[in-house]
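Chemist: Quick check, what structure comes out for this input:
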Amino acid sequence: MNNSENSAVKIIPLGGLEQIGMNITAIEYEDDIIVIDGGLSFPDDDMLGIDLVIPDITYLKNNKDKIRGMVVTHGHEDHIGAIPYIEKEINIPLYATKLTMGLIDYKLSEHGLLDNIRRKVVTYGQIINLGCFRIEFIRTNHSIADSAALAIYTPAGIIVHTGDFKVDYTPVFGDTIDLQRFGELGKKGVLALMADSTNVERPGFTPSEKTVGKTFDHIFDDNRDHRLIIATFASNVDRVQQIINSACKYGRKVVVEGRSMVNIINIASELGYLKIPDNTLISIDEAKQYPDEKLVFITTGSQGENMAVLSRIAASIHNKISIVPGDVVIFSSSPIPGNEKSVYKVMNELEQKGARVIYHDTHVSGHACQEELKLIYTLTKPKYAIPVHGEFRHLKRHAELANEMGIPKKNVKILTCGDVLEIGEDTFKVTDKVPHGGVMVDGLGVGDVGNIVLRDRQLLSENGLMVVVVTLESGSRQLLSGPDIVSRGFVYVREAELLIEQCKDVATETLYECLKDENADWNKMKNAIRESLGEFLWERTKRSPMILPIISEV
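Modeler: You can find the predicted model right below:
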C-alpha cells in the first residue's frame, strides 16, 4: 500500500446525509470515480405539488469522463429511485445483485432506457474492477432481499460501506449476514468504515424479521371470522412472504392492491425471491366470490400517503374496497419521522368506519441498532469512521458510538452533502465543497420548479389570488373596459360584493393616476395596481393575496 501523500482518496457524498433518503456518494482517485447508489427522497410538506426529489449531480456531469460505474447496495427507492434520471444525464454502467437489478430494470424500462445502459448482475463475494478500484459485494440482511455491503479496495486502503443493514440470524429469505468476511477484512486492515446510522439511537439488537411472522400467525388465528387488510412497504418482500405464509396456513386467498406492490411482487416472484403457492393470489374482482373471512388484502399506504390504497379505502374513495365493521386493518410498518400525523389520521378514519386497527409488534426495522453497529466496528477495526445514512442527530450519535469503540475523535468525521473528504493513511480532512442539493421533479419537469415557483405556490395556497383585468385603447391609452376583478381562494365573491366593488374603485383610481403620466409603461402600471390594492386589502382584511394585473391594448 502506497502511503505517500498522493494516495489520498476522495469521498464525496452528494446526498443521504442529514436526511433519510436520496443516498448517493462518489469515491474518486485521480482519473477514476465510482458512484455508490442513486436514490431519491420524497418531498417535504413545504414542497407543494412536488412528486419527488433527486440529487443534484452537477459534479458528476462535470467529471463524467472519469466515472467508471455505479454500484448499488440494495433495491429501496432511497437508493435506486433516481437512477433513471441520472442515466438520462450521464450514461454509466450499473452493477447490482439480482433482485436489485430486477427492480432497477423495471424503472429503466418505464423511462425507455433499458436498451442503452450496460448492466451487470453481481453475486456475493464477486469482485469487480472499475478503474483503479476493486469492489467486493458482501452479503448483509435488510428489509429487502439481496442487500449488500461493499468492500472498496482503493490505492489508499480498504473502505467498507455497509449499505443499509441489520444482523438477522434467522432471515426469512437467504442466508445470514457474512460476518466472517467483515472479520477477514478487519484482519487485512480497514482504512475507513461508512456505516448505516438510522437506528444508532436505539440500544440493543434489532429483532429478526421472523418475529413478525409469528405475530401474523397470532393475528390470523385470533381473527378467523374477519377480513384482514395489511398495509406494508411495497419493497419489503420478506414481509409479503410471511403474510402469504400465514394466509396459506389459515386457508385465505390473497389480493394484492397498489401499483408499486404489484410490480415488486411480480419481479420478486419471477426472480425466485417470493414463493407463492398456486391459487393463492386472486384478483380484486375474484375476491367477490369468497366470504370476507377467507380473504387477506396486502396494500400500500402504511405511511398515510394521500393516494395510496389504504388512504383511499379510509377516505371511502377506493372504487373496489370499502371498510365494513369488523374488518381488521394491520399497519406492518412504523411511521417514517414526519409522517406520524398522516398515519394516525388514516387509523382514525378506519376506526370510525368500524374497523379494528392493529399496529403493535407487526413491524421490525431493517436497520442495525447499537449492538449490531458495535459488532461491525469490532470485526472491521477501521482506522477512520464516517457515519452515513441518517439525519444530523443520528450521525452525531454514531460519531459518539465510534468514539466509544476506541476510534479517536480526530478520526471520526460527520460530513455534510457536497463535502470532499480526502482520506489516506495520514490524511483525513475536508478539502473542498462541490455543488449538491435536491432537484425537484414535478410531473415530467425535472428541476424546472425552484424556490421562486414554490414560494408562489405557498403564497397561492395560503392567501389566494386576485386577477385585475384592464383593456386600454392603443394610441390614445383610453380606458375601454375594466378593471374587472376575478378572485380565487381569497374571498367568496358573492358574499363580498362590496369589497370587490371597492377594489375596482382603488384599481381605477390608480390607473387614472398612472395614465396622467406620459412615461408610465405597463410595468409601472402593474406595480402601482399591485401596491395600492395590496395596501387596501391588508387594511380591510389583514390578508395578502397574490395580485395579478393583466393589461391589454386593442
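Chemist: host element of the residue located most distally from the centre of the chain?
Modeler: For the chain, the largest distance from the centre (C-alpha atoms, centre = their mean) belongs to Ser476, which lies 57.6 Å off. Assessed by DSSP states H and E, Ser476 sits outside every helix and strand.
Chemist: how far away is it from Val554?
Modeler: Ser476 is 11 Å from Val554, where distance means C-beta to C-beta, to the nearest Å. Placement of C-beta: from N, CA and C, glycine included.
Chemist: if you skip the residues just before and after it, what's nearest to Pro435?
Modeler: Distances taken as C-beta to C-beta, 6 or more residues apart in numbering place Thr58 nearest to Pro435, at 4.1 Å, with adjacent residues excluded.
Chemist: Kindly export the helix or strand containing Lys187 (C-alpha atoms) in PDB.
Modeler: Element membership for Lys187 (DSSP H and E) is helix 179-188. The C-alpha trace of helix 179-188 is given here as PDB (Å, rounded to 0.1, in the frame of the first residue of the first chain):
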ATOM      1  CA  LEU A 179     -19.900 -11.600   9.500                       C
ATOM      2  CA  GLN A 180     -16.900 -13.700   8.700                       C
ATOM      3  CA  ARG A 181     -16.000 -11.700   5.700                       C
ATOM      4  CA  PHE A 182     -16.200  -8.400   7.700                       C
ATOM      5  CA  GLY A 183     -13.700 -10.100  10.200                       C
ATOM      6  CA  GLU A 184     -11.400 -11.100   7.400                       C
ATOM      7  CA  LEU A 185     -11.400  -7.500   6.100                       C
ATOM      8  CA  GLY A 186     -10.600  -6.300   9.600                       C
ATOM      9  CA  LYS A 187      -7.600  -8.600   9.700                       C
ATOM     10  CA  LYS A 188      -6.400  -7.200   6.400                       C
END
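Chemist: Does that helix pack against any helices or strands, and if so which?
Modeler: Where contact means 3 or more C-beta pairs under 8 Å, 6 or more residues apart in numbering; DSSP states H and E, helix 179-188 is packed against strand 133-139, strand 148-154, strand 157-161, helix 370-380.
Chemist: Note down every partner strand of the first one and its orientation.
Modeler: Strand 133-139 sits in its sheet next to strand 127-130 (antiparallel), strand 148-154 (antiparallel), going by DSSP bridges.
Chemist: One more: the third one?
Modeler: Taking DSSP bridges as the criterion, strand 157-161 forms sheet pairs with strand 148-154 (antiparallel), strand 190-194 (parallel).
Chemist: which residues are contacting that strand?
Modeler: Judged by C-beta atoms under 8 Å, 6 or more residues apart in numbering, the contacts made with strand 157-161 from elsewhere in the structure are 1, 9, 11, 25, 27, 36, 73, 149-152, 182, 185, 188-195, 380, 382-383, 388, 423-425.
Chemist: now the helices for the stretch 151-300 of the chain?
Modeler: For the stretch 151-300 of the chain, the helices identified by DSSP state H, counting those that start in this stretch occupy 179-188, 210-222, 237-249, 259-270, in order along the chain.
Chemist: Check the stretch 401-550 of the chain too.
Modeler: Listed in chain order, the helices of the stretch 401-550 of the chain (DSSP H, counting those that start in this stretch) span residues 451-463, 497-516, 522-541.
Chemist: Could you dump those helices into a markdown table and include distance to Ile550 and mean neighbour count?
Modeler: Output for these, formatted as a markdown table (distance: least, C-beta to C-beta, whole Å; neighbours: other C-beta atoms under 10 Å):
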| stretch | distance to Ile550 | mean neighbour count |
| --- | --- | --- |
| helix 451-463 | 16 | 14 |
| helix 497-516 | 12 | 15 |
| helix 522-541 | 8 | 16 |
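Chemist: and Leu295, which of these is closest to it?
Modeler: For the helices of the stretch 401-550 of the chain, distance to Leu295 was read as C-beta to C-beta. The smallest value, 40.1 Å, belongs to helix 451-463.
Chemist: so what secondary structure elements neighbour that closest one?
Modeler: With contacts taken as 3+ C-beta pairs under 8 Å, 6+ apart, helix 451-463 sits against strand 546-553.
Chemist: quick check: angle from the strand it packs on to helix 522-541?
Modeler: 140 degrees (axes from the mean of the first three to the mean of the last three C-alpha atoms, to 10 degrees).
Chemist: Give me the contacts around strand 546-553.
Modeler: Outside of strand 546-553, the residues that reach it under the criterion C-beta under 8 Å, 6+ apart are 456, 459-460, 463-474, 507, 522, 525-526, 529-530, 533-534, 537.
Chemist: Could you rerun that using 7 Å?
Modeler: Contacts with strand 546-553, where a contact means C-beta atoms under 7 Å, 6 or more residues apart in numbering, come from 456, 459-460, 463, 465-472, 474, 522, 525-526, 529-530, 533-534.
Chemist: and the helices and strands packed on helix 179-188 as TSV, adding distance to Tyr512 and mean pLDDT?
Modeler: As requested, the helices and strands packed on helix 179-188 are exported to TSV (distance: least, C-beta to C-beta, whole Å; pLDDT from 0 to 100):
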stretch	distance to Tyr512	mean pLDDT
strand 133-139	73	98
strand 148-154	72	98
strand 157-161	69	97
helix 370-380	73	98
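Chemist: want to try a markdown table for the ones you listed, with distance to Asp32 and mean neighbour count as columns?
Modeler: Putting the helices and strands packed on helix 179-188 into a markdown table (distance: least, C-beta to C-beta, whole Å; neighbours: other C-beta under 10 Å) gives the following:
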| stretch | distance to Asp32 | mean neighbour count |
| --- | --- | --- |
| strand 133-139 | 6 | 22 |
| strand 148-154 | 9 | 24 |
| strand 157-161 | 14 | 24 |
| helix 370-380 | 24 | 20 |
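Chemist: Would you mind telling me which of the ones you listed is nearest Phe220?
Modeler: helix 370-380 (29.9 Å).
Chemist: quick revisit: worst mean pLDDT among the helices of the stretch 401-550 of the chain?
Modeler: Mean pLDDT per stretch puts helix 451-463 lowest among the helices of the stretch 401-550 of the chain, at a mean of 74.
Chemist: Format the helices of the stretch 401-550 of the chain as a markdown table; extra columns: distance to Ile330.
Modeler: As requested, those are arranged in a markdown table below (distance: least, C-beta to C-beta, whole Å):
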| stretch | distance to Ile330 |
| --- | --- |
| helix 451-463 | 34 |
| helix 497-516 | 52 |
| helix 522-541 | 48 |
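Chemist: which one of the ones you listed lies closest to Asp175?
Modeler: helix 451-463 (46.4 Å).
Chemist: Redo the strands paired with strand 133-139 as JSON lines? Include distance to Leu375.
Modeler: Compiled in JSON lines, the strands paired with strand 133-139 are given as follows (distance: least, C-beta to C-beta, whole Å):
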{"stretch": "strand 127-130", "distance to Leu375": "24"}
{"stretch": "strand 148-154", "distance to Leu375": "13"}
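Chemist: Buried residues, the helix holding Lys187. List them.
Modeler: Of the residues in helix 179-188, those buried by neighbour count under the rule 16 or more other C-beta atoms under 10 Å are 179, 181-182, 185-186.
Chemist: Same check on stretch 89-99?
Modeler: 92, 94-97, 99.
Chemist: sorry, back to before: with distance to Val160 as extra columns, can I get the strands paired with strand 157-161 in a markdown table?
Modeler: As requested, the strands paired with strand 157-161 are exported to a markdown table (distance: least, C-beta to C-beta, whole Å):
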| stretch | distance to Val160 |
| --- | --- |
| strand 148-154 | 5 |
| strand 190-194 | 5 |
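Chemist: closest to Lys275 out of these?
Modeler: strand 148-154 (22.0 Å).
Chemist: of the contacts of strand 157-161, buried ones?
Modeler: Judged by 16+ other C-beta under 10 Å, buried ones among those: 9, 11, 25, 27, 36, 73, 149-152, 182, 185, 190-195, 380, 382-383, 388, 423-425.
Chemist: Can you tell me the SS state at Lys320?
Modeler: Following DSSP: H, G, I helix; E, B strand; the rest coil, the label given to Lys320 is coil.
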